[in-house]
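Asks: requesting a structural model of the entry that follows:
(4 chains)
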Number of protein chains: 2
Amino acid sequence: MFLSTTINGVDAKGRVSVPADFRAVVGGGAFDGIIVWPSFDGTYLEGGGQALLERYQSLIEDMDPYDDARIAFERAIFGAARPLSFDANGRVTLPRDFIDHAGLDGKATFVGLGSRFEIWSPDVYEAHKANAQSFARDNKRALKLGPRPGGAS
Amino acid sequence: MFLSTTINGVDAKGRVSVPADFRAVVGGGAFDGIIVWPSFDGTYLEGGGQALLERYQSLIEDMDPYDDARIAFERAIFGAARPLSFDANGRVTLPRDFIDHAGLDGKATFVGLGSRFEIWSPDVYEAHKANAQSFARDNKRALKLGPRPGGAS
DNA sequence: TTGTTTCCCATCTGATCCCATGTTATCCCA
DNA sequence: TGGGATAACATGGGATCAGATGGGAAACAA
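Replies: Numbering: from 1, shown residues only, chains lettered A, B, ... in the order given. All right, here's what the predicted structure looks like:
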């Protein structure tokens, strides 16, 4: 699971260290790196491991071939996604247009969201975090822990 | 189950011994440690074992992918949660911002709540405990016993 | 060549590991 | 039932290592 929030530096070459925890999550697969695309929903990047994209693909294949949502998904995610492989130190190089889309300026905030993660400009993220927290507080009753599946703790 | 209340010291490095009872609860899983995040509801920390986070994840994954509430929960919980693994003596190191959020100053109160636990600054907790007790007294009729899932307990 | 990208090496900081020690609870036996 | 021995738990400090970051050389493309 991708967890926690980390701020890492983006150098002049567009290189950024992927948090070691995140590298551990995607490790083991055939492709040694992450897959990233610009969010179609805001000024940030979304990403995950190869497994995430494969899950998306199987979701999409269940949709109707000419479903508008399917076409949008295909273009917005698969069309825009780029595989970024790790260098020897666990860094990736972000393409220039990704940096521009997210407004990254020397720093990048990695936000773990369980099965995927997001990359933000730190100040932009701070503003959104406050919203997310108050929204979560107002809606916390929606998060009910039902009966435990297994039974054990 | 996480039970009872314990006060342990937090040293200059942010290390704190997790009560042995609590360690026994999370023991046995793949990840040898606890997962902790700042409450979005107050000046304390929430935590549990890996199993707790997986339950939250399955709850969240039942929501629509781009539901606002889902994204808010993901950022407020997964984005804030950090896995803290035990050292050889059963301690974890709390990140600096967690210590600040809970206002911990040399001491931390672990409060067991069944499937999860909370970490408070001892004096802050004392003040809230009185409130919680009177609240429970006022609302005791809301505590209904449903049918037992497994059978015996 | 010229600019870009990839790879490699050096360095620094902070987290993790390891060992030593005090303290409390538990057990055993008289 | 009391006292001593023992083990489990909690705590402190120092050493070691992994992660993050910066710069430069080599390979590649235009």
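
Asks: where does chain A have its least confident helix or strand?
Replies: Ranked by mean pLDDT, DSSP states H and E, the helix or strand of chain A with the weakest confidence is helix A:68-73, at a mean of 81.

Asks: contacting residues around residue A:23?
Replies: A:86, A:90 (C-beta atoms under 8 Å, 6 or more residues apart in numbering or on different chains). Yep, even glycine has a C-beta here, placed from its N, CA and C like the rest.

Asks: so it sits in a strand?
Replies: No. Under the criterion used here (DSSP: H, G, I helix; E, B strand; the rest coil), residue A:23 is helix, not part of a strand.

Asks: check which helix or strand residue A:37 maps to.
Replies: strand A:33-38 (DSSP states H and E).

Asks: quick check: next helix or strand after the least confident helix or strand of chain A?
Replies: Counting by DSSP H and E, what follows helix A:68-73 is strand A:82-85.

Asks: the residue in chain A positioned nearest to DNA strand C: neighbouring residues, count only.
Replies: Closest contact between chain A and DNA strand C, by C-beta to the nearest atom of the strand, is at residue A:93 (4.6 Å). By other C-beta atoms under 10 Å in any protein chain shown, 16 other residues sit near residue A:93.

Asks: can the one helix or strand residue A:124 maps to be found next to DNA strand D?
Replies: In this assignment (DSSP H and E), residue A:124 forms part of helix A:122-138. No. Figure legend: helix A:122-138 not in contact with DNA strand D (C-beta under 7 Å from any atom of the strand); closest approach 11.3 Å.

Asks: what sits up against that helix?
Replies: Contacts for helix A:122-138 (C-beta under 8 Å, 6+ apart): A:5, A:7, A:43-44, A:102-103, A:107-109, A:111, A:120, B:40-41, B:68-69, B:71-73, B:75-77, B:79.
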